[in-house]
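Peer 1: Could you look at this predicted model? Sequence included:
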Amino acid sequence: MRFRSGLNESLSVLLRLRRTLDSLEPYDWTDRDLRPIGDAWLRVWVLGTQQAIDAADRVMIACFEVMTAATACPDRNLIARAYRALAGEVWTQKQLADFDTALERLEEKRAVFVKVIRKEMGKAAVELAIERAEREARELPGEDRKVT
């Protein structure tokens, strides 16, 4: 992932090829994007059973873990800061791995939440796409077992 940072970005802003970032814009974007999930979480808290509330809480925690991984800053030593000033922000392999791990946890928590809600609504149990992919990967012989 590449952020709008570094020497190239600074020149683009200086030459008015891009506008500067308003300090409140990230808040507005985050609020707009998180409002629907926050509203749904509140509805579960008001209408759901304890099991549904617990599952919804775990989904929200996993969401915030994804956001934390997505916005994590690497070590800020002098050489790294100089490189980022020139080349811009680039994710390290560890950051990418942490983000992927957080996304996988979110998928797992979301699947559990869906099952709880379907059960409480009296709906039949279903096999979710992620479960189907994992089952199919287990059925493959040899080296092709890894689910990506």
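Peer 2: Here it is on my side, so go on.

Peer 1: all contacts plus neighbour counts: C-alpha atoms, from now on.
Peer 2: Fine.

Peer 1: And the next helix or strand past the longest helix seen in the chain?
Peer 2: What stands out as the longest helix in the chain, according to DSSP state H, is helix 93-120. On the C-terminal side of helix 93-120, the nearest following helix or strand under DSSP states H and E is helix 129-139.

Peer 1: can you give me the angle that next one makes with helix 93-120?
Peer 2: 110 degrees (axes from the mean of the first three to the mean of the last three Cα atoms, to 10 degrees).

Peer 1: Show me the residue at the heart of this structure, geometrically.
Peer 2: Taking Cα atoms, centre = their mean, the centroid of the chain lies closest to V66, which sits 3.5 Å from it.

Peer 1: Quickly find the element holding that one.
Peer 2: Assigned by DSSP H and E, V66 falls in helix 50-70.

Peer 1: Just the mean pLDDT for stretch 130-139, thanks.
Peer 2: Mean pLDDT, computed over stretch 130-139, is 86.

Peer 1: Next: stretch 48-60.
Peer 2: Average pLDDT, stretch 48-60: 96.
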